[in-house]
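**Student:** Return atomic coordinates for the entry below.
(one chain, ligands or ions: 1)
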Amino acid sequence: MDLFHLLGGGARFDKTRFKNDVHLFEGEKEANQTQSKKKNAAVVDPHVRSQLLDEIDFFKTSHTTVGSLNQSKDENKASLQETTRSKSSKKANRNLMSTVFDTVEEAKEFRKEHKIKVYGTDVPNPFRSFQDLASPAYNLDPVLYRNLTTIKYTTPTPVQMQSIPIMLHGRDVMACAPTGSGKTMAFLLPILQDLKKPEKKTSYRALIIAPTRELAQQIAREANHLSQGTKLRINVLTKATAADKSQNPESRQKFDILITTPLRLVYAIKEKEVDLTAVKHLVLDEADKLLDQGFLEQTDEIFAACSSATIQKSLFSATFSSHVEELANTVMKNPIRIVIGSKNAATDTIKQELLFTGTEAGKMIALRQLVQKGIKPPVLIFVQSIERAKELFHELIFDGINVEVIHSDRSKAQRDNIIDQFRVGKIWVLIATELMARGLDFKGVNLVINYDFPQTVASYIHRIGRTGRAGRQGEAVTYYTQDDLQYMRGVVNVMKNSGCEIPEWMLNIKKMTSNQKQKMRKGLDRGHVDTTSKYDKYKQNKKNEMIEASKKRKRIAAQKEKQAKKAKNE
Ligand SMILES: Nc1ncnc2c1ncn2[C@@H]1O[C@H](COP(=O)(O)OP(=O)(O)OP(=O)(O)O)[C@@H](O)[C@H]1O
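**Tutor:** Now for the predicted structure:
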């Protein structure tokens, strides 16, 4: 047995050893939901609310009472009782007394406290709590407010606090906020609120673009949750759904929101399958990716097809390069830029580590050592290519690890199945390519391993951002070899800005030249994920050489025999 198999031998996940975590995948959700339901049993006097309905004044600065906008009479009655009860409790009172801001200074102070930076003119104030949204100042639709409280959201995240009012105000927005900070809800809620207004339905009124099918589906799931009980209809258009009955052009007119990927949409535009002229909300999720070379042409065509003069454009991502920001500015009208925390930074709930493995082969040793020490699943491992993903999978499956692999060569059904299984904790280790780096929300991921060094800084931020989401803690380990050293400066800087301890010599790594950047973007030649030891390789080579030599000898002998026969016959 070679050294690698020796190290990895018998490595298995032991459920009893991880008993404290196994329940994370199974039982916790319900408990959380019940808790948040309880916490969100917010209240209001419906009569007060109806009086105030006419006083809609977005972003006004007066104090307002807040509460839930429960619909049924019974619920309202319960709310009133709850209000009375709450008054006796100081803690509950604090919730009920949420207000919008009295002064610009107060709003500024609030932004500072929540690390919200805004750039632009006439920037609407943020809101402080979901009860604020239900107040007449924002007048969030009662059904949407109820959905917010029944999901699990108790406190808005900073990107939600600031971008929701901006979008409700009809302004274009470009928001850069950390991975896992709730950007999806930040753009969905104001769109749902606007589309909820009675209006003649003609065709799609909102369009949300995401770079991958998986992400489009995830956004649609959240949109469906948030819009439950409304008549709004959401359509996901992917290759897989193209053959659906629901996809014929007439039935499409009944949908309000379209969520799709650029390639599929451009095809649909060319085939005149969709009418985007009535779209009044256009969102690019992972906007920097969609405005990057790979997608730019398609994104451009989509912008052209959305021809309404009053369209509102919203761009969201955890990373924006200055170049993309400049580009985005050219397609937006008087936009407001939001930055939460620092631009292009990793989420601060992620513990980041760099691990030197020397060579490519050293990575497998490191990985097996980590498994032997005990890892807390679920774990996500990123590699550079489909080939390497497959190879690594074959190595780990023989170690008895509960592992799967996902990449674009797998069928759509397989991909969907793997994602579902990983979400519920049935798959413990998932090997993935860049396909999975952006947007996908697996709340419980404890560890991300960058088996292959990420090809861009943005990729690093998005990959590690699959852990440490929604306020949870997470860990990220990035392997690097001697060959990776020259490309590491960007990632080292991200780590330094996150407060990681970085050795002095790493801080002195030179900036990449444009040639180096290009080389890295294409992906270094890393060879195969191969764990055969040098000795075994030597033995195998010798054996192959001997077989070849024997074949050659036989060929020569046969040739000689043939020649001899020929000579004899002549
Ligand atoms: N206010 C909130 N309170 C609690 N959880 C929330 C809140 N808003 C969103 N979430 C949850 O946080 C998780 C991350 O949200 P989301 O996927 O929208 O993050 P993101 O910022 O888009 O991340 P990424 O940049 O990786 O795409 C989701 O599970 C979502 O349900």
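**Student:** going forward, measure contacts and count neighbours with C-alpha atoms only.
**Tutor:** Noted.
**Student:** Now do the contacts for the residue most central in space within the chain.
**Tutor:** Nearest to the geometric centre of the chain sits G439, at 1.4 Å (Cα atoms, centre = their mean). Contact analysis of G439 by Cα atoms under 8 Å, 6 or more residues apart in numbering lists 179, 215, 286, 462, 466.
**Student:** now I164
**Tutor:** Counted by Cα under 8 Å, 6+ apart, I164 has contacts 126, 186-187, 189-190.
**Student:** same check, this time on R463
**Tutor:** Applying Cα under 8 Å, 6+ apart, the residues near R463 are 382, 434, 436-438, 448, 450.
**Student:** and the ligand, which of those reach it?
**Tutor:** Contacts with the ligand are made by R438 out of the contacts of R463, judged by Cα under 6 Å from any ligand atom.
**Student:** From the contacts of R463, which land in strands?
**Tutor:** Among those, the members falling in strands (DSSP state E) are 382, 448, 450.
**Student:** Relative to the ligand, which of the residues you listed is nearest.
**Tutor:** V448 (13.2 Å; Cα to the nearest ligand atom).
**Student:** What's the local residue count around the closest one?
**Tutor:** 27 (other Cα atoms under 10 Å).
**Student:** roughly how far apart are it and K565?
**Tutor:** Note on V448: its distance to K565, by Cα to Cα, to the nearest Å, is 68 Å.
**Student:** Check E353 too.
**Tutor:** Going from E353 to K565 by Cα to Cα gives 72 Å.
**Student:** that older thread, which of the contacts of I164 lies closest to P211?
**Tutor:** Of all the contacts of I164, P211 sits closest to F187, with 16.2 Å by Cα to Cα.
**Student:** How is E106 classified with respect to secondary structure?
**Tutor:** Of the three states, E106 takes helix under DSSP: H, G, I helix; E, B strand; the rest coil.
**Student:** can you check T330 too?
**Tutor:** helix.
**Student:** Likewise for K565?
**Tutor:** helix.
**Student:** show me the contacts for it.
**Tutor:** Taking Cα under 8 Å, 6+ apart, one finds nothing in contact with K565.
**Student:** How about K443?
**Tutor:** With Cα under 8 Å, 6+ apart, K443 has these contacts: 466-470, 472.
**Student:** Name the helix or strand for it, please.
**Tutor:** Using DSSP states H and E, K443 falls within no helix or strand.
**Student:** In the stretch 351-500 of the chain, what residue comes closest to the ligand?
**Tutor:** For the stretch 351-500 of the chain, Cα to the nearest ligand atom, closest residue to the ligand: G439, 3.2 Å.
**Student:** one step back: and which of the contacts of I164 is nearest to the ligand?
**Tutor:** Using Cα to the nearest ligand atom, those come closest to the ligand at A186, 7.5 Å.
**Student:** and the closest one, that one's in a helix?
**Tutor:** Yes. According to three-state DSSP, the state of A186 is that of a helix.
**Student:** The residue nearest to it when sequence neighbours are not counted: how many residues sit nearby?
**Tutor:** Computed as Cα to Cα, 6 or more residues apart in numbering, the closest residue to A186 that is not its neighbour in sequence is Q160, at 4.6 Å. By other Cα under 10 Å, 27 other residues sit near Q160.
**Student:** May I see the domains of this protein written out as residue ranges?
**Tutor:** Per the TED database, the domain ranges recorded for the chain read 104-241+254-340, 350-520.
**Student:** which one of those lies closest to K543?
**Tutor:** Per Cα to Cα, nearest to K543 of the domains of the chain: domain 350-520, 22.4 Å.
**Student:** got the end-to-end distance for the closest one?
**Tutor:** Domain 350-520 has an end-to-end distance of 25 Å (Cα to Cα).
**Student:** Equivalent analysis for stretch 192-210, please.
**Tutor:** Span of stretch 192-210 from end to end, Cα to Cα: 18 Å.
**Student:** Tell me which residues of that stretch come out buried.
**Tutor:** 192-196, 203-210 (16 or more other Cα atoms under 10 Å).
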